[in-house]
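Participant: Have a look at this prediction, sequence included:
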Amino acid sequence: MLVANESRVTCVSQNANAPHVVCIWELGDNLGHLTQYLPIAKALQQQGIKVSFILRDLSKAESILGTLGCDVYQAPVWLLPMRKAPSPPVSYAEILLNYGYHNPDELAGLVKAWRAQIELLKPSLLMFDYAPTAQLATLGMGIPRTTIGGAFFIPPEKSPIPAFQQNHQISQTRLVDNEQKVLHVINQSAHYWGGKKLNVLYELFQADEHFLCTLPELDYYHAWRVLEPYYYGPLGQDLIGVKPQWLDYGEKRGFVYLRKNHPMTLPLLVTLQEYPVSILAYVPDIDEAVVKKFDATKIRFSKRPFQMDTMVGQCDFSIYHAGHGTLSYVTAKGKPSILLPQQVEQGILASLAKKMGVAKVVEPYFTKIQLKDLLTEAMGGEIFRKASEYEKQHPQFQPPNPLQIIIGRVVKLL
């Protein structure tokens, strides 16, 4: 149990008969999966509801969720090396082929582990964030189910599930064949754990509520959704992190959240020093020797994440990897972005944000001149204007509205 203090433990123990929501994260990386759950869990606790977590990665659980005093468990996850699945994946089915959905016996082991864990916890409701095997395992268990997150984790009711990008080089045959492979393995594994066979893959994602915490323009499945979905927008992210302490320098303020292993991270930071801009940077695990090479009067590095609500409210532009949570929140708050995508989902989101006119995308081969062009745009060009207009045109996405609506829907399901 992650315990903040004794009073928190007492509060939880006195509500042993309270409704119990279990929040699950199975696949994917980065802090966004945890930070998204934090305001939800806190709001549910305020309603007298018990909250537990089953998480893929526990390394940041204490620092992000520790103050809640919730039970936290390790998720059953696929640990073997990736098999010979298509790379990069172009559809949800191709992702699943890399995570145990190539062999009925091996998939059954994961499913049975999920079922055993859920049965022990006796939840009143399950909430899934990118958790396909947990969703499969709990089909037919009679427990209310919700999904939460960006469009990437909540595919439409269409067979085959569409490709992530509409590329004419991706054949329908490829989509159908790989989805049928996955469906066959799921149905073959069902007899090991008494599961119901699926007719189509999208049945795996059935839920009582889908909480699409994204912007309509960032939903690349939008055209295929059977019914017009309700877009809740991003949730607030000010419950963790340090407050921004800006340098007394320049007329603009920029926020940087990058990983040191991206080839353009250091070139971009070096180029930023040439502008009269105060920069706050969070670059996890950056070497101290590298930090010392930068002008401390212009760029301040933090060893901890920043409070995002406060940061985005105070900065003029942001530079990051196009993670869904950050992108949707920064855009909803009317700030322009410079994006350095690192994987498939981020690449798709970056292209959609560029299409919206609120972001520019850095390619690994960009020259210093090209980087300067992007920075000039972010500090007062067309993407600066477009981002500001978006916030004014979409007031419904401003916190706390999305969170209040979601909590109300969850309470009704209990």
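Facilitator: Yep, that arrived. Numbers count the residues shown, from 1 in each chain.
Participant: Low-confidence ranges, the protein, go.
Facilitator: Low-confidence regions of the chain, defined by pLDDT under 70, span residues 1-15, 83, 167-168, 237-239, 399-400.
Participant: try 80
Facilitator: Under the criterion of pLDDT under 80, the regions of the chain flagged as low confidence span 1-16, 30-31, 81-87, 165-168, 236-240, 398-401.
Participant: buried set for the top helix by length along it?
Facilitator: Within the chain, and with DSSP state H defining each element, the longest helix by residue count is helix 172-193. Neighbour-count burial for helix 172-193, with 16 or more other CB atoms under 10 Å as criterion, is recorded at 174-175, 178-179, 181-183, 185-186, 189-190, 193. Using the backbone N, CA and C atoms, a C-beta is placed for each residue, glycine as well.
Participant: Give me the distance from the helix or strand residue 126 falls within to the chain's centre.
Facilitator: Taking DSSP states H and E as the definition, residue 126 sits inside strand 125-129. In this view, strand 125-129 has its centroid 14 Å away from the chain centroid, taken as CA atoms, centre = their mean, to the nearest Å.
Participant: following it, which helix or strand comes up?
Facilitator: helix 132-137.
Participant: Give me the contacts around the strand holding residue 126.
Facilitator: With contacts defined as CB atoms under 8 Å, 6 or more residues apart in numbering, strand 125-129 is touched by 19-26, 33, 36-37, 40, 118, 134-135, 138, 143-149, 153, 207, 410, 413-414.
Participant: repeat that with 7 Å
Facilitator: Judged by CB atoms under 7 Å, 6 or more residues apart in numbering, the contacts made with strand 125-129 from elsewhere in the structure are 21-25, 33, 36-37, 134-135, 138, 143-149, 153, 410, 413-414.
Participant: and if you look at stretch 139-157?
Facilitator: Counting by CB under 7 Å, 6+ apart, 36, 92, 118, 123, 125-130, 138, 161, 195-196, 202, 205, 207-214, 218-221, 224-226, 324, 345, 410, 413 sit against stretch 139-157.
Participant: Now which of those would you call buried?
Facilitator: Applying the neighbour count, that is 16+ other CB under 10 Å, the buried entries in these are 36, 92, 118, 123, 125-130, 138, 161, 195, 202, 205, 207, 209-214, 218-221, 225, 324, 345, 410.
Participant: Which ones among those residues lie within helices?
Facilitator: For those, the ones inside helices are 36, 92, 118, 324, 345, 410, with DSSP H as the criterion.
Participant: mind checking how far the fifth one is from residue 150?
Facilitator: For residue 345, the distance to residue 150 equals 8 Å [CB to CB, to the nearest Å].
Participant: where do the contact lists of those two overlap?
Facilitator: Counting by CB under 7 Å, 6+ apart, the residues touching both residue 345 and residue 150 are residue 324.
Participant: now for the longest helix of the chain, which elements pack on it?
Facilitator: For helix 172-193, the elements it packs on are helix 92-96, helix 104-121, judged by 3 or more CB pairs under 7 Å, 6 or more residues apart in numbering; DSSP states H and E.
Participant: List the contacts of it.
Facilitator: Outside of helix 172-193, the residues within contact range by CB under 7 Å, 6+ apart are 86, 91, 93-94, 96-97, 101-104, 107-108, 111-112, 115, 136, 160-161, 163, 196-198, 201.
Participant: how far is stretch 188-195 from where the chain is centred?
Facilitator: Averaged C-alpha coordinates place stretch 188-195 at 30 Å from its chain's average position (CA atoms, centre = their mean).
Participant: can you check stretch 395-404 too?
Facilitator: Taking mean C-alpha positions (CA atoms, centre = their mean), stretch 395-404 and its chain are 18 Å apart.
Participant: swap in stretch 300-307?
Facilitator: What separates the centre of stretch 300-307 from the centre of its chain is 20 Å, taken as CA atoms, centre = their mean.
Participant: repeat for stretch 245-265
Facilitator: With CA atoms, centre = their mean as the basis, the mean position of stretch 245-265 lies at 22 Å from the chain mean.
Participant: Which residues does it contact?
Facilitator: Applying CB under 7 Å, 6+ apart, the external contacts of stretch 245-265 come out as 269, 272, 276-286, 297-298, 300, 311, 314-321, 326, 340, 342, 362, 364, 366, 379.
Participant: got it, and stretch 21-32?
Facilitator: Around stretch 21-32, the neighbours that count as contacts under CB under 7 Å, 6+ apart are 33, 37, 41, 44, 49, 51-56, 60, 64, 75, 77, 99, 121, 123-134, 305, 323-325, 410.
Participant: So among those residues, which ones count as buried?
Facilitator: With neighbours counted using 16+ other CB under 10 Å, the contacts of stretch 21-32 contain these buried positions: 33, 37, 41, 44, 49, 51-56, 60, 64, 75, 99, 123-134, 305, 323-325, 410.
Participant: if we can go back for a sec, so of the contacts of stretch 245-265, which ones are in helices?
Facilitator: With DSSP H as the criterion, helices contain 269, 272, 311, 314, 326 from among the contacts of stretch 245-265.
Participant: strand partners of the strand holding residue 126, parallel vs antiparallel please.
Facilitator: Strand 125-129 has the following strand partners under DSSP bridges: strand 20-25 (parallel), strand 145-149 (parallel).
Participant: Output these as TSV; include the columns distance to residue 398.
Facilitator: TSV is the format used below for those (distance: least, CB to CB, whole Å):
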stretch	distance to residue 398
strand 20-25	24
strand 145-149	19
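Participant: Could I get these in a markdown table, plus columns for mean neighbour count?
Facilitator: Compiled in a markdown table, the strands paired with strand 125-129 are given as follows (neighbours: other CB atoms under 10 Å):
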| stretch | mean neighbour count |
| --- | --- |
| strand 20-25 | 26 |
| strand 145-149 | 23 |
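Participant: Residue 384 contacts residue 337, doesn't it?
Facilitator: No - contact status for residue 384 versus residue 337: not in contact, 10.4 Å apart, counting by CB atoms under 7 Å.
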